[in-house]
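Chemist: Provided below are the primary sequence and the corresponding predicted coordinates.
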Amino acid sequence: MAAPDFKPFSPGESQRILHHLQQPAVFMKMTCGWPVLDWTAEHLSRCLGDKLVRFRLGRKDETKTPLFETQCSYVEATLKHFLRWTRGHAGTDVGPFSEYANSEYWAYADYKYIAVLFQDQPSMFEDVRWSEFGYDGRNGRESTLWIGTEGANTPCHLDSYGCNLVLQVQGRKRWHLFPPEDTVHLYPTRIPYEESSVFSQVDVLHPDLKSFPAFQGARAHIVTLQPGQVLYVPRHWWHYVESVDPITVSVNSWMELEVDHMARVSEAVTKAVVCAVKGAPSDDNTDDWLNPTEEGVGSHNENMQYLNLAVRAQRSSKHAGDPGNTRPVKRDSRGQIRNDCDQEGEPVSFKVPFGPHLTPVRCQQEYSPKTRGTTTQDRKPSRNCDVKSQEDCAARSNALQRTGLTSAVSPSKTQCRQCDSADVLSQNAAEDYEEPAHTITTNDLLDCLVHPDVIACVTKLLLERHTGS
């Protein structure tokens with residue numbers, strides 16, 4: 001009889017770890033025996049047959065601006081056409097890909113819901129076993145699929161809701177992650193608008209430092225995810241993702257460890273403001289501002305109804321004693337979360353068991369064009385980015401407050417930075433920078449109106465007035 005697959009953590013241990021993780025981390029050997037590891041692009045092509053999948057294409061040219069989804073080309077093709085195109089075939093063999101030279105373009109099908117792709121093959125849902133991470137009954141039905149070529153990339157963004165577990169199936173993908181506190185360095189924008197995402201205006205691989213000088217203060221945590229590994233991306237961590245192998249396949253599961261009613265209200269406020277401003281007739285409101293992932297633009301009445309529902313849910317959770325993500329936690333003298341008890345009923349601290357089976361994604365010494373292609377395994381950081389004590393948190397938070405760099409996502413909570421970024425601008429960069437002549441546009445106005453800091457303040461005022469919270 002074959003020995004059972006070794007799993008370093010039980011489902012209960014995995015969920016406990018996820019609850020306490022405050023930074024990205026990679027799980028090793030947790031997916032041994034998962035049938036989904038056989039989901040190569042070739043295997044999926046056989047399973048899907050002639051089913052059409054929407055692919056996004058972008059030029060491989062190096063630029064200094066992100067290629068947003070509103071600027072990409074799209075084709076509806078089979079995976080068979082896609083695979084032939086990646087192998088250099090042409091003509092009718094590659095279907096609609098024939099209009100794009102694979103030497104000049106990358107392509108990917110991103111975040112396709114497995115439940116939709118395989119609705120006539122529901123047994124495939126069981127190939128994904130998120131239940132082994134402590135989520136009972138969760139499998140491929142609640143997951144999405146990502147298939148891409150080398151060079152395919154997702155613009156740097158943060159997810160408004162929840163956290164992510166990402167399983168790499170085929171090939172490798174490199175993740176560039178930035179903590180929530182780096183929002184001030186990443187120039188957030190809501191154009192293109194997508195309810196669940198906030199995009200960065202910076203091309204993090206080829207940053208235009210004259211236009212975005214504060215990006216020099218960003219600290220990237222970089223990891224290249226290998227097949228079989230699972231990456232945990234905490235809530236509100238920025239991430240830019242690029243494929244580094246000819247074909248890559250990954251499975252993603254988004255989840256909320258706790259329902260965040262505040263985030264729901266914030267997104268409802270943002271949606272109402274963006275749609276109202278962009279829906280107004282204007283000479284400069286002719287751009288393609290709605291992300292293709294969004295189904296359409298609701299009326300102002302519909303958006304206000306959505307906002308009222310979100311506020312009522314927040315009020316109901318407050319009255320019911322549901323703390324959501326605002327639940328206070330007990331910490332020990334070192335700042336570790338305490339929510340367990342020993343035999344005498346006294347709280348004991350929980351330490352995340354980093355080691356060979358769980359690796360933290362640490363930040364680099366600095367983030368520049370010279371180091372952007374290296375990973376944390378390639379170089380030794382000069383700064384330890386792990387918070388060591390509560391005193392460290394306080395000291396770093398005070399430094400942020402002195403420089404005005406408080407949390408851009410949750411200003412109601414002063415978050416301690418994981419990296420010292422007081423040196424936002426070097427002296428030389430500050431001297432060389434010249435303020436460009438620029439006419440303020442509707443999008444410029446929106447970037448200020450729906451900046452995460454502003455939306456958080458508006459949400460707070462709104463809830464104080466209508467819920468007393």
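Modeler: That came through, no problem. If you're wondering where the values come from, they're calculated on a predicted model, not measured in any experiment.
Chemist: And the longest helix along the chain, what's buried?
Modeler: As assigned by DSSP state H, the longest helix anywhere in the chain is helix 300-319. For helix 300-319, burial by neighbour count (16 or more other Cβ atoms under 10 Å) applies to 303, 306, 307, 310, 311, 313, 314, 315, 317, 318. Where you see a C-beta, it was placed from the backbone N, CA and C, and this is true even at glycine.
Chemist: average pLDDT across it?
Modeler: On average, the pLDDT along helix 300-319 is 89.
Chemist: measure stretch 71-83 end to end?
Modeler: 24 Å (Cα to Cα, to the nearest Å).
Chemist: repeat for stretch 114-122
Modeler: One end of stretch 114-122 to the other measures 9 Å (Cα to Cα).
Chemist: Now residue 124. Nearest residue, chain neighbours left out?
Modeler: residue 118 (4.6 Å; Cβ to Cβ, 6 or more residues apart in numbering).
Chemist: so who does that neighbour touch?
Modeler: Contact partners of residue 118, counting by Cβ atoms under 8 Å, 6 or more residues apart in numbering, are 47, 124, 125, 140.
Chemist: what does residue 244 give?
Modeler: Residues in contact with residue 244, defined by Cβ under 8 Å, 6+ apart, are 150, 171, 172, 173, 174, 224.
Chemist: pLDDT score for it?
Modeler: So residue 244 comes in at 96 (pLDDT).
Chemist: Quick check: it vs residue 207, distance?
Modeler: Distance, residue 244 to residue 207, using Cβ to Cβ, to the nearest Å: 20 Å.
Chemist: for residue 241, same thing?
Modeler: Counting by Cβ to Cβ, the gap from residue 241 to residue 207 is 17 Å.
Chemist: So which of those two has more stuff around it?
Modeler: For residue 241 versus residue 207, the count of surrounding residues by other Cβ atoms under 10 Å is larger for residue 241: 25 against 20.
Chemist: what's near enough to touch that one?
Modeler: Residue 241 is in contact with 153, 154, 173, 174, 175, 176, counting by Cβ under 8 Å, 6+ apart.
Chemist: one more time with 6 Å
Modeler: Counting by Cβ atoms under 6 Å, 6 or more residues apart in numbering, residue 241 touches 154, 173, 175.
Chemist: Out of those residues, which is nearest to residue 458?
Modeler: residue 154 (28.4 Å; Cβ to Cβ).
Chemist: Tell me the bridge partners for that closest one.
Modeler: residue 241 (DSSP bridges).
Chemist: And the pLDDT at it?
Modeler: pLDDT, read off for residue 154, is 92.
Chemist: That one: neighbouring residues, count only.
Modeler: With other Cβ under 10 Å as criterion, residue 154 counts 23.
Chemist: Distance check, it against residue 203.
Modeler: Counting by Cβ to Cβ, the gap from residue 154 to residue 203 is 12 Å.
Chemist: Same check on residue 161?
Modeler: 25 Å.
Chemist: Now the phi/psi pair for the closest residue to residue 238 other than its chain neighbours, please.
Modeler: Of all residues not flanking residue 238 in the chain, residue 178 sits nearest, at 3.9 Å (Cβ to Cβ, 6+ apart). Main-chain torsions, residue 178, degrees, to the nearest 10: phi -130, psi 140.
Chemist: give me every residue that touches residue 178.
Modeler: Applying Cβ under 6 Å, 6+ apart, the residues near residue 178 are 218, 220, 238.
Chemist: Pick out whichever of those residues sits closest to residue 107.
Modeler: Using Cβ to Cβ, these come closest to residue 107 at residue 238, 24.1 Å.
Chemist: wouldn't that closest one be in contact with residue 154 here?
Modeler: No: the pair residue 238 / residue 154 is not scored as a contact, 11.3 Å apart, by Cβ atoms under 6 Å.
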